[in-house]
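Student: for reference, the sequence and a predicted model appear below.
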Amino acid sequence: MESNLPEGCVAHFDDPDTLHCFRLVVTPPEGYWWGGVFVFRINVPEDYNIAPPEVKCETRLWHPNISEEGEICLSLLRQNSIDGLGWAPTRRLKDVVWGLSSLFMDLLNFDDPLNIEAAEHYQRDKESFSRKVREYIEKHNKR
C-alpha cells in the first residue's frame, strides 16, 4: 500500500493483525494546511467493498470540508451520492487515500462545505482564514 500513496501520506497499522483498521497521516506538501500533520482513522467494514470505509479525522482543524468533530465531506465516502461520484464496489482504499489527500489541495470545495463557517470565513477574508488555519495547526497538531 505504501508505494501507492500520494506525497505526504503514510499509513500506520496500530496492530499488524488488524488490517481492517488503520490510521492515515496526511502532511500536505503545499497550500493552507502545509506543515500540518492530520490523522485520519480508517475502518474497513465487513461488507467492504459494497460499503465504503468509515473515515474520521482525529486532528482538529479549520477546513470547509472537515468538521471540527472530524466528519468528512467527500463524495466517494457516501454510499449514495447525488453527484454520481459516491462509493461503488469498483472503488478501492487507494481512492479514499487519494481523496483525503486531495481535500488539502485540488478537491478543496468552498461552494458545498460541511463546515459552513469555515467556508464563509474564507470567502469573506482569505488572510484571516489562513491565520485561523495556522492557529489550529499550532494548537491541535500532535508532533
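Tutor: Good, I have the coordinates. Keep in mind that this is a model prediction, so the values were computed, not measured.
Student: residues of stretch 132-143 that come out buried?
Tutor: Neighbour-count burial for stretch 132-143, with 16 or more other CB atoms under 10 Å as criterion, is recorded at Lys132, Val133, Arg134, Tyr136, Ile137, His140, Asn141. In this view, the C-beta of every residue, glycine as well, is placed from N, C-alpha and C.
Student: sorry, wrong one. I was asking about stretch 49-56.
Tutor: Pro52, Pro53, Val55.
Student: so what touches it?
Tutor: 40-45, 70-72, 74, 76-79, 86-87, 89, 91-93, 96, 100 (CB atoms under 8 Å, 6 or more residues apart in numbering).
Student: make it 6 Å
Tutor: If you take CB atoms under 6 Å, 6 or more residues apart in numbering as the criterion, stretch 49-56 is touched by Phe40, Arg41, Ile42, Asn43, Val44, Pro45, Gly70, Ile72, Leu77, Trp87, Pro89, Val96.
Student: grab the nearest non-local neighbour of His121.
Tutor: Among residues not flanking His121 along the chain, Phe129 sits closest, at 4.8 Å (CB to CB, 6 or more residues apart in numbering).
Student: look up how far Pro89 lies from the residue lying farthest from the centre of the chain.
Tutor: No residue in the chain sits farther from the centre than Asp17, which is 24.6 Å out by CA atoms, centre = their mean. Distance check for Asp17 against Pro89: by CB to CB, to the nearest Å, it reads 26 Å.
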